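Visitor: Quick one: sequence plus predicted model below, questions after.
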Amino acid sequence: MLHSYYTIKDAGVHELTINKSRFITHLQRVVDEAEAKDFTDHIKKEHPNAHHNCSAYVIGDNNEHQKANDDGEPSGTAGVPMLNVLLKKELKNTAVVVTRYFGGIKLGAGGLIRAYGNSVTEAVQHTGIVRRSRVRHYEVTASYELLGKIENELRQSGYILRSIDYSEQVTFHVAVNLEETEDFEAWMVNVSHNRVTITASGTSYIEEEV
């Protein structure tokens, strides 16, 4: 499992008109090939009268699942340039379908490659990219006399202070990138002069826009 990777921020739709043809790009996160296929089938049902519903996806920590489909366009002019955009932007677990309504003007092979590639590029820019980072969750418990010092140190650090609980003692809920956990624990002991209780719990992914 990767410590961090890039993917699209949200599912999205973006449309371009190129020489009277409509290119409607649909993006979605997917977890496996079955979900990618379901997504493609869903878009085809939404646009049954389109001339083409070309698709591509990249899935897996090492991009081990990749597919590009031209759906009737000349071989290599649609699915591959779409897939290349996903790979160039280092996106993972992402599927894309570009629906084309032909406007009567032929674009030629080069024109099609540019049209499908640009459609996906603009759709990704429109939707946004996030970095998903796997973090370890910590509970840091301290006495109230340390509240101000620890809160201030945490807020000035690169660690993520998610919340603070106030009861008999103060508990700071902190998220730390997996590769920084040992440094965090040592840092917290040093900052508090070893006057805190540090409890590690589970892991999850957090997202930040890039």
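Guide: Looks like it came in fine.
Visitor: give me the element residue 66 is part of.
Guide: strand 65-69 (DSSP states H and E).
Visitor: Tell me the buried residues in that strand?
Guide: 67-69 (16 or more other C-beta atoms under 10 Å). Every C-beta, even on glycine, is put in place using the N, C-alpha and C of the backbone.
Visitor: export the residues you listed to a markdown table and tack on pLDDT?
Guide: Shown next, in a markdown table, are the buried residues of strand 65-69 (pLDDT from 0 to 100):
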| residue | pLDDT |
| --- | --- |
| 67 | 97 |
| 68 | 98 |
| 69 | 98 |
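Visitor: Nearest to residue 195 among these?
Guide: residue 67 (55.3 Å; C-beta to C-beta).
Visitor: do you know how far the closest one is from residue 59?
Guide: Going from residue 67 to residue 59 by C-beta to C-beta, to the nearest Å gives 9 Å.
Visitor: could you give the mean pLDDT of the top helix by length along the chain?
Guide: In the chain, taking DSSP state H as the definition, the longest helix is helix 108-127. Averaging pLDDT along helix 108-127 yields 98.
Visitor: so which of the buried residues of strand 65-69 comes closest to residue 135?
Guide: residue 67 (31.1 Å).
Visitor: what about the closest residue to the closest one other than its chain neighbours, how many neighbours?
Guide: Among residues not flanking residue 67 along the chain, residue 57 sits closest, at 5.7 Å (C-beta to C-beta, 6 or more residues apart in numbering). Close neighbours of residue 57, defined as other C-beta atoms under 10 Å, add up to 28.
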